[in-house]
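> Need coordinates for the below:
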Amino acid sequence: MTEITKSLSNRNTISRRTAFAALLASVVTVISFTVPHHALAEDKTAIKVGIISGEDEDVWRVVKAEAAKQGLEVETVVFNDYTQPNEALERGEIDANAFQHQPYLDNQIKTQGYHITPVGYTGLWPIGLYSKKHTKIEALPEAAVIGVPNDPSNEGRALRVLADAGLIKLKDGTGILATVADVVENPKKFEIKELDAGIVGRSVEDLDAAVVNTDWALKSGLSADNRIAQEPVTDNPYRNFIAVKTGSENEGWVKKLVAAYQNETVKAEFDRVYKGTGVAAY
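Residues are numbered from 1 along each chain as shown. Down below sits the predicted model:
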């Protein structure tokens, strides 16, 4: 091989090495830019959480302060009915919500196809039977009109309260999504009136009694003095929780958000706001 041929061969080898090195450097550069971008997507420092208007707004002011201590900025988005927070979460308009229990979410997933996962319990509000006309369940007259929430999960819950109080009997094997069609015994011929969860509490004046969710009972001016029956707290499946879009449950900000709620500082505010009508569920 001549010196000229050797020189050309060496140059070609160097060129190939240089090209390979440049290609490798470009791959490393792409990876180095991709990884931080992915990490930033998970480690959010500011989020939006959907809640229901009312007393919970006071509780979440304390949660926001606790989250700020961990470097997480929380903006609460306030809704006025139960159908909106899950829709907003599914659309990505909020990052989390805190307003529902498992039977309600199960029904929402079944009917709406949502991709939502619970990540941490918040509180339990035992549902009760309220009346401004009668002071005990035994005083309910023949053919009394009793209001119940009309959404699937809460209607079944309300009917269970009536059944546990001995006012009606439900079909054997009836689950938590019972409806009035599952009532097999109604000895005093009560008229069970299905109403929107937000309306049933405000309708107590016009009814003999009504099964009302605790948050709506407070909004409707009802108190423990008006409650003539209540579901048990032990082994209750209706604990509320913080929920996020499925796939986000292991992200760092989620753990910070749950920790910001599940602490003694928030529990103290929870107890102050709900005056014993709700209990911490974590």
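> Helices along the stretch 151-282 of the chain, start to end?
152-164, 197-200, 214-219, 252-261, 264-274 (DSSP state H, counting those that start in this stretch).
> helices and strands around the longest one, which ones?
Okay, so that is helix 152-164. helix 102-112, strand 128-130, strand 145-149, strand 169-170, strand 191-195, strand 209-212, strand 227-230 (3 or more Cβ pairs under 8 Å, 6 or more residues apart in numbering; DSSP states H and E). To be clear about C-beta, it is placed using only N, CA and C from the backbone, and glycine gets the same treatment.
> Mind checking those for the one nearest to residue 58?
Residue 58 lies closest, by Cβ to Cβ, to one member of the helices and strands packed on helix 152-164: strand 209-212, at 20.4 Å.
> got a pLDDT number for residue 71?
What the model reports for residue 71 is a pLDDT of 97.
> Check whether it sits in a helix, strand or coil.
Taken by DSSP: H, G, I helix; E, B strand; the rest coil, the conformation at residue 71 corresponds to coil.
> shouldn't it be in contact with residue 45?
Yes. Look at residue 71 against residue 45 with Cβ atoms under 8 Å: they come within range, at 6.1 Å.
> Touching both of those two, which residues are there?
By Cβ atoms under 8 Å, 6 or more residues apart in numbering, residue 71 and residue 45 have no common neighbours.
> Could I get the contacting residues of the nearest residue to residue 147 once chain neighbours are set aside?
Leaving aside its sequence neighbours, residue 147 sits nearest to residue 210 (Cβ to Cβ, 6 or more residues apart in numbering; 3.5 Å). Listed by Cβ under 8 Å, 6+ apart, the contact set of residue 210 reads 129-131, 146-148, 195, 200-201, 203-204.
> Okay, and the beta partners of residue 210?
Counting by DSSP bridges, residue 210 forms beta bridges with residue 130, residue 147.
> still on that earlier bit, which one of the helices of the stretch 151-282 of the chain lies nearest to residue 187?
Per Cβ to Cβ, nearest to residue 187 of the helices of the stretch 151-282 of the chain: helix 152-164, 12.0 Å.
> number of nearby residues for residue 247?
Residue 247: 9 surrounding residues under other Cβ atoms under 10 Å.
> Nearest residue to it in space, ignoring adjacent ones along the chain?
That would be residue 115: by Cβ to Cβ, 6+ apart, it lies 7.5 Å from residue 247.
> Same check on residue 72?
residue 256 (4.6 Å).
> again, but for residue 131
residue 209 (3.9 Å).
> now swap in residue 62 and tell me
residue 269 (4.4 Å).
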